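[1] only geometry, no sequence info:
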């Protein structure tokens, strides 16, 4: 069944697709009155709807069923990741992370970042298309790019001698002990992971992260590309929470 | 340090790069006599070598150190996977699986496969480049495409009432119980996983696989694309064996 992403749907009994989606539904897919479609609101709502009027500009739908918290995961994953030099690799990461399971993505501009500007509108579309493809009712949040230092400043303070509520970890290639998510993450606990650029985080960035309660994260024996490391976190956490 | 893939290196004390690699080493990278490079043979050998003669056609190297079984994993993973319609997605799978950890890949031509022909020479190059990028001493084997039925016929018979030595699992989207690798795989045990095409395996293919001792594999709650499902198996197994 055809799935539409309709973030503005809310509690209505009837809903009209916007012009682009109406055209797609009626002209491209040639769906007619009485046909059923599925809608997701990106916030966990999964709707089934019947086409009440197959108007190619304002296709009217009648909601027949709603499921809340559809496919809700028992944890929340936020990855702050340096955009890759090659945007294709970053877009690929967004698509695959959406499939594997992620809630929030922040493009992190680091000292060694070669790419500092991103077209987030285009990236958002890539995420939406993965949401539809993988039948997800939750749409990951994509933040605007932010400098490493500003990102760290914006984090909630950690209580003295305590642990941050969300597990904070940083994947870097420098020396020193690393910990697998197997040792540090618990099922149900939220995670914030930092992934560095092609040239890695600077030693100052790593030190700053450790001061802010981040744990150095190991993702296996081999050197992973930025986008692969980000995806590894998504898959490992999903596996751990299963 | 620059890494070269030299599958023919064997036990020699001296070794000459082939013409293309010599040109790359001497002309492109401008490495000179006395500089050190790294070589992998794709079978677990990791070599350090000194440039003895920076000849742009036959760059002569003197091996100064060899490490065997470099980065050897405690398990062997073979994935037989239907090539995706869009070759980029399949190439991407090969690259990422190499980074995440895989030993053998068989392109599997299924009843619903839309793509039945592949340029394995080109795909092999993509794997080699990922081997170098991720500093791996093992080069995954890429087999020629094979029909589903022929692949099943070629498998070793399972002893009556027994279990196959290698864990066999099939990821499909049909109904029925599925088992996570968490329940079925044990650290150290080799795995053979089947991943179907965009339209999934046919019910007959699934039934044939079950007859041959394959276990239906679950990879989480959401619908994954072919290439994402293949990669999920690589990451989950790597995580399980850590």
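    Cool, got the structure. Quick caveat: nothing in here was measured; it's all calculated off a predicted structure.
[2] Report the contact partners of the residue of chain A found nearest chain B.
    Closest contact between chain A and chain B, by CB to the nearest CB, is at residue A:235 (4.0 Å). Where C-beta positions appear, they are placed from N, C-alpha and C, glycine not excepted. Residue A:235 makes contact with A:100, B:231-232, B:235-236, B:239 under the criterion CB atoms under 8 Å, 6 or more residues apart in numbering or on different chains.
[3] go with 10 Å
    A:96-97, A:99-101, B:100, B:219-220, B:228, B:231-236, B:238-239 (CB atoms under 10 Å, 6 or more residues apart in numbering or on different chains).
[4] Help me confirm that it is found in a helix?
    Yes - assessed with DSSP: H, G, I helix; E, B strand; the rest coil, residue A:235 lies in a helix.
[5] Not counting its neighbours along the chain, what's nearest it?
    Nearest-residue entry for residue A:235: residue B:235, 4.0 Å, with adjacent residues in sequence omitted and distances by CB to CB, 6 or more residues apart in numbering or on different chains.
[6] from what I can see residue A:151 touches residue A:80, true?
    Yes - when contacts are counted by CB atoms under 10 Å, residue A:151 is listed as touching residue A:80 (6.0 Å).
[7] Pick out whichever of the two has more residues nearby.
    Remark: of residue A:151 and residue A:80, residue A:80 carries more neighbours, 23 against 20, as counted by other CB atoms under 10 Å in any protein chain shown.
[8] Specify the beta-bridge partners of that one.
    With DSSP bridges as the criterion, residue A:80 is bridged to residue A:106, residue A:194.
[9] That one contacts residue A:141, doesn't it?
    No - contact criterion CB under 10 Å: residue A:80 and residue A:141 do not qualify, at 12.0 Å.
[10] Residues that sit against both of the two, list them.
    With CB under 10 Å, 6+ apart, residue A:80 and residue A:141 have common neighbours A:104-106.
[11] Which residue ranges make up each domain of chain A?
    A:3-67, A:77-240 (automatic domain parsing).
[12] List the buried residues of stretch A:72-86.
    By neighbour count on 16 or more other CB atoms under 10 Å in any protein chain shown, the buried set for stretch A:72-86 is A:73, A:75, A:77-84.
[13] State the helix or strand in which residue A:61 lies.
    Secondary-structure assignment from DSSP states H and E places residue A:61 in strand A:60-67.
[14] Quick one: residues in contact with that strand.
    A:4, A:6, A:9, A:11-17, A:22, A:25, A:33, A:35-41, A:44-54, A:137.
[15] could you redo the last one with a cut-off of 8 Å?
    A:12-17, A:36-37, A:39, A:45-53, A:137.
[16] Check the offset of it from the chain's centre.
    In terms of CA atoms, centre = their mean, to the nearest Å, the centre of strand A:60-67 is found 26 Å from the chain centre.
[17] do stretch A:100-111 as well
    Here stretch A:100-111 is found 8 Å from its chain centre; the criterion is CA atoms, centre = their mean.
[18] Quick check: mean pLDDT of that stretch?
    Summarised as a single mean, pLDDT over stretch A:100-111 is 97.
[19] mind checking the end-to-end distance for it?
    29 Å (CA to CA, to the nearest Å).
[20] All set, thanks.
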